[in-house]
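Asks: sequence and predicted model, in that order:
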Amino acid sequence: MPFLTKIITDPARYPADVYPFNVPAIKDGIELDIDSNITFLVGENGSGKSTILEGIADNCGFNLSGGGRNHRFPAEEGLQNLSSAMKLVWRPSKVTNGFFLRAESFFNFASYIDEIAKDEFGIVDERFLDQYGGKSLHHQSHGESFFSLFTNQFSRGIYLLDEPEAALSPSRQFAFMMLLRELEDRGRAQFIIATHSPILLCYPGATIFSVEHGMPEVKYQDTEHYRFSKDFLNNPDRYLRHME
């Protein structure tokens with residue numbers, strides 16, 4: 001069973017007509033019941049997926065630029081998030097162990113890890129880097145660094161991932177799904193993932209919420225991501241002729 005079982009936002013506590021509180025999916029409030037350890041948020045760019053993750057992350061005490069509660073590199077200035085208007089319901093109690101992955105600011109996180117791996121003389125402690133695949137995340141490809149983080153740091157807690165597929169090839173996305181299954185089977189980890197990937201979305205037994213007005217739960221085959229990808233792959237000429 002998931003640790004986080006309900007997400008509620010109170011529009012009465014929103015600033016008037018201020019982004020992101022005026023985004024359609026958020027404007028009238030959110031009430032999500034979560035009954036799966038793997039939950040996906042899907043929607044177009046700007047729909048509010050990242051904003052919802054940021055609000056949860058702030059409530060968990062995670063760094064808003066990415067990381068866990070013990071990662072204290074500077075967050076992006078001016079981030080508006082839902083945390084002050086958000087109520088989270090936990091079972092049996094609040095979980096603060098975990099990680100918030102922001103693909104767009106992962107470079108800053110990798111630089112932070114390099115810095116804290118050094119001792120007072122500026123010498124890197126290789127044992128510290130063993131926690132991240134044995135070498136600097138900057139010395140790994142983008143996909144390798146993501147996967148090093150997943151395999152070495154994910155264990156027990158709540159993991160909030162904003163477009164993890166950004167650095168993963170299709171085969172690596174499937175490998176990531178296998179890692180999710182392993183962690184889920186242990187009953188020790190919960191994932192809430194904002195994604196555009198039709199590969200990740202087909203994870204068996206996952207809950208998918210469409211980030212639009214009302215935040216409805218949708219089936220995999222009813223997502224725009226699945227329908228468009230299937231139609232495009234089956235009929236690429238129908239789309240490519242518009243480029244001629």
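Replies: Good, I have the coordinates. Residues are numbered from 1 along each chain as shown.

Asks: does F106 belong to a helix, a strand or coil?
Replies: Put simply, F106 is helix when judged by DSSP: H, G, I helix; E, B strand; the rest coil.

Asks: any regions of the chain where pLDDT drops low?
Replies: 71-80, 105, 107, 116, 120 (pLDDT under 70).

Asks: may I see the buried residues of the helix ranked longest in the chain?
Replies: Taking DSSP state H as the criterion, the chain has its longest helix at helix 170-186. Of all the residues in helix 170-186, those buried under the rule 16 or more other CB atoms under 10 Å are 172-173, 176-177, 180, 183-184. No exception for glycine: its C-beta is placed from N, CA and C like everyone else's.

Asks: now, which of these sits nearest I52?
Replies: L180 (19.5 Å; CB to CB).

Asks: ok, residues contacting stretch 30-38?
Replies: Applying CB atoms under 8 Å, 6 or more residues apart in numbering, the external contacts of stretch 30-38 come out as 1-2, 4-9, 52, 180, 184, 187, 189-193, 203, 205-207, 209, 215.

Asks: for PyMOL, what selects the buried ones among these?
Replies: Command for PyMOL, covering only those of those found buried under the criterion 16+ other CB under 10 Å:
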select buried, resi 2+4+7+9+52+180+184+189+190+191+192+193+203+206+207+209+215
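
Asks: so which of the contacts of stretch 30-38 belong to helices?
Replies: Reading helices off those with DSSP H, I get 52, 180, 184.

Asks: show me where this protein has its helices.
Replies: 24-27, 49-60, 106-116, 126-129, 142-153, 170-186, 224-234, 236-240.

Asks: make JSON lines from those and add distance to N97 to it.
Replies: Output for these, formatted as JSON lines (distance: least, CB to CB, whole Å):
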{"stretch": "helix 24-27", "distance to N97": "27"}
{"stretch": "helix 49-60", "distance to N97": "9"}
{"stretch": "helix 106-116", "distance to N97": "17"}
{"stretch": "helix 126-129", "distance to N97": "19"}
{"stretch": "helix 142-153", "distance to N97": "11"}
{"stretch": "helix 170-186", "distance to N97": "13"}
{"stretch": "helix 224-234", "distance to N97": "30"}
{"stretch": "helix 236-240", "distance to N97": "44"}
